[in-house]
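K.L.:
I'd like to go over a predicted model; first the sequence, then the structure.
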Amino acid sequence: MKTQSISEFKRIFSAARWFICAMPVCGWLVRNRITFLFPPLGDSAQTGLALTVATLVTGTAALLPWKLDLLKIRSPLLILSFLCAVGSSLPYFSLCQRYVISTSLPGKHPLIVSIGNVRSKFALENFQGSTDAEMLQAMGPYEDEVQKLWTGDSILSVRFRLFLSYLGWLIPLNLILGIFAKTERNSQNPIGVRPSKRSTPPRQG
């Protein structure tokens, strides 16, 4: 019974880790409906998605063959990973609230784009006193218009920070789940201890 419960426990955490790996893909598919699952990166969205999935899958696979006895260092690892996840999630959500804008168009689904933090000369001359959302509503929430309204360096800077902070809370979350799954396996089968072979009863006549 105990072996079965630990096996179920490990299976749940392993499934949760692969769900974390799949979350960026799901977020990219619904990027115009849900903001926080994957940041809008403009023309670099597909590259960012590929890097995110590759990083998470590599991290998930890399933890499997570890020979470390994670039971001894589980608490410090969990605390460090938790602090990293929280420390990165706060700026990520703050950046999303400030620089990610959803704009509704007549007869179309809302479009979500990320903007820069420095307005271009064109925006300063033509949209004095307008908010970021008002400028996008007037020009259209498309990548070409974003490039006209904000400077290229500021757009790149904001999107780079969005991407790093996004990875910064996904990777520690994946690591936390991996530590639980791995240490439960080690507690059931400690390193250097092989499971004893079950004695088979002698065959009768």
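P.N.:
Okay, I see it. Numbers count the residues shown, from 1 in each chain.
K.L.:
drop to CA atoms for contacts and neighbour counts, all remaining ones
P.N.:
Fine.
K.L.:
after the lowest-mean-pLDDT helix or strand in the chain, heading C-terminal, what element do we hit next?
P.N.:
Across the helices and strands of the chain, mean confidence by mean pLDDT, DSSP states H and E is lowest for helix 2-29: a mean of 61. Tracing the chain past helix 2-29, the next element assigned as helix or strand by DSSP states H and E is helix 45-63.
K.L.:
who are the packing partners of whichever helix or strand comes after that next one?
P.N.:
Next helix or strand after helix 45-63 toward the C-terminus (DSSP H and E): helix 70-99. On a contact count with 3 or more Cα pairs under 8 Å, 6 or more residues apart in numbering; DSSP states H and E, helix 70-99 meets helix 152-188.
K.L.:
okay, now the unreliable bits of this structure?
P.N.:
Residues of the chain that meet the criterion pLDDT under 70 lie in 1-23, 27-28, 30-35, 59-71, 181-205.
K.L.:
now stretch 121-139: buried residues?
P.N.:
Under the neighbour-count criterion of 16 or more other Cα atoms under 10 Å, stretch 121-139 has 123, 127, 132, 135-136 buried.
K.L.:
end to end on that stretch, go ahead and measure it.
P.N.:
Start-to-end span of stretch 121-139 (Cα to Cα, to the nearest Å) is 15 Å.
K.L.:
how many neighbours does the residue lying closest to residue 172 once chain neighbours are set aside have?
P.N.:
With Cα to Cα, 6 or more residues apart in numbering as the criterion, residue 172 has its nearest non-adjacent residue at 4.9 Å, and that residue is residue 81. Residues lying near residue 81 (other Cα atoms under 10 Å) number 21.
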